[in-house]
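1. okay, here's the prediction I keep looking at, along with the sequence it came from:
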Amino acid sequence: MKYQWYPGHMAKARRMMEESIRLVDVVIEIVDARCPASSRNPDIDRMAAGKGRIIILNKADLADPDVTDLWSAYFRVNGIACMSADARRRISVRNLTQMTAKVCEERNARRRAKGMNTDHVRAMIAGIPNVGKSTWINSLSGRASAKTGNKPGVTRGGQWIAVGTSFELLDTPGILWPGMDREQTGRNLALTGSMRDEAINIEELALELISFLLDAYPGVLAARYGIDESGQEEETRDDMILRPDTSPNAIRCMDDISARRAFMKKGGGIDYDRTARALLDDFRSGRLGRISLEKPPVKENQ
């Protein structure tokens, strides 16, 4: 299934970012630690060319810690400062300002040579919807400075936020990009909630999550729902809209989860919509455990 979601306000937000980026010294990009590659908007790389760069692997408490370590190393090797964070816990202002100062070393040297002030730093916070930017900013500044929500699209306009006396953050709306070229990217963004559930086939998305978990994290579904994950052929249900390559074992597991949770429609029949939403909520909240959806690329000579 091809997942796409690009409402009109995102094009306006993109133009606002392009106009504002000239005002900042550093671009801090917030990504979802469960899918760092999928949650990076390629437009930000283009817009931030020539600026200092920091990547925050947010929601690291929900991601596989071993995989997060691999991503941290990957970004550093590629010349981008990186740190992991839990959006629900207060970020150390000192740690971030120290990292920002290091990223700005060359800029500060040029300014000192011209007799300019190097103490004040302006940074732009960028990222796609629902990666936790606003919650992260509120945690950093110690007050409810930015709107927060658990749905994509809450922040619509940029705003400056002071952190201490010499550090300013420009919060920007979360934006996706049109024409995603990888199906896996759209799937990962849909799974982590960066696309509105109303815009996608929720049942098919849940089946894709089950198939992924059976392959990458065997035993997770059995531990959470008490089902048997072993593969057994099952006939495709007539009441589900499925891709031809949908795993029969994934369908059987979804049936078993529905039965275990008693998710049935009035009058009989499995309530696949309720099952799908419960499964996705368990994944997004971390109740299935710490799970990463992708690993960093490995060079062929490694």
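-> Looks like it came in fine. Numbering: from 1, shown residues only.
2. most centrally placed residue in the protein?
-> Most central residue of the chain, judged by C-alpha distance to the mean C-alpha position with C-alpha atoms, centre = their mean, is D32 at 2.9 Å.
3. check the offset of whichever helix or strand L140 is part of from the chain's centre.
-> For L140, the enclosing helix or strand under DSSP states H and E is helix 133-141. Shown here is helix 133-141, whose average C-alpha point lies 15 Å from the average C-alpha point of the whole chain (C-alpha atoms, centre = their mean, to the nearest Å).
4. cool, and stretch 251-271?
-> When C-alpha coordinates are averaged (C-alpha atoms, centre = their mean), stretch 251-271 and its chain have centres 29 Å apart.
5. end to end, how far does it reach?
-> The separation between the terminal residues of stretch 251-271, taken as C-alpha to C-alpha, to the nearest Å, is 13 Å.
6. for V220, see how far away D43 is.
-> When C-beta to C-beta, to the nearest Å is applied, the distance between D43 and V220 equals 34 Å. C-beta here means a position set from N, CA and C on the backbone, and glycine is covered the same way.
7. also M16?
-> The separation that M16 has from V220, given C-beta to C-beta, amounts to 41 Å.
8. what about stretch 175-192, start to end distance?
-> Taking C-alpha to C-alpha, the first and last residues of stretch 175-192 lie 15 Å apart.
9. and stretch 113-129, by the same measure?
-> 40 Å.
10. residues of that stretch that come out buried?
-> Using 16 or more other C-beta atoms under 10 Å as the burial criterion, the residues of stretch 113-129 that qualify are T118, V121, A123, M124, I125, A126, G127, I128, P129.
11. would you turn those into JSON lines with secondary structure, pLDDT and distance to D256?
-> Listed next are those as JSON lines, based on DSSP: H, G, I helix; E, B strand; the rest coil; pLDDT from 0 to 100; distance: C-beta to C-beta, whole Å:
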{"residue": "T118", "secondary structure": "coil", "pLDDT": "63", "distance to D256": "61"}
{"residue": "V121", "secondary structure": "strand", "pLDDT": "81", "distance to D256": "54"}
{"residue": "A123", "secondary structure": "strand", "pLDDT": "86", "distance to D256": "48"}
{"residue": "M124", "secondary structure": "strand", "pLDDT": "86", "distance to D256": "47"}
{"residue": "I125", "secondary structure": "strand", "pLDDT": "86", "distance to D256": "42"}
{"residue": "A126", "secondary structure": "strand", "pLDDT": "84", "distance to D256": "42"}
{"residue": "G127", "secondary structure": "coil", "pLDDT": "84", "distance to D256": "37"}
{"residue": "I128", "secondary structure": "coil", "pLDDT": "83", "distance to D256": "34"}
{"residue": "P129", "secondary structure": "coil", "pLDDT": "81", "distance to D256": "33"}
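12. which one of the residues you listed sits closest to D215?
-> Of all the buried residues of stretch 113-129, D215 sits closest to I128, with 25.5 Å by C-beta to C-beta.
13. which regions of the stretch 101-250 of the chain lie under the pLDDT threshold?
-> Low-confidence segments of the stretch 101-250 of the chain, defined by pLDDT under 70: 117-119, 142-158, 176-182, 231-246.
14. mind listing the helices for it?
-> Listed in chain order, the helices of the stretch 101-250 of the chain (DSSP state H, counting those that start in this stretch) span 105-113, 133-141, 183-191, 202-216, 220-225, 248-261.
15. can you redo the ones you listed as TSV with distance to N58?
-> Output for the helices of the stretch 101-250 of the chain, formatted as TSV (distance: least, C-beta to C-beta, whole Å):
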stretch	distance to N58
helix 105-113	25
helix 133-141	6
helix 183-191	14
helix 202-216	20
helix 220-225	22
helix 248-261	29
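16. hang on, the earlier thing: ok, the buried residues of stretch 113-129 vs D69, which is closest?
-> G127 (21.0 Å).
17. contact partners for the residue lying closest to that closest one once chain neighbours are set aside?
-> In space, not counting the residues next to it along the chain, G127 is nearest to I30; the distance is 3.7 Å by C-beta to C-beta, 6 or more residues apart in numbering. I30 makes contact with I56, N58, I125, A126, G127, V131, G132, K133, W136, according to C-beta atoms under 8 Å, 6 or more residues apart in numbering.
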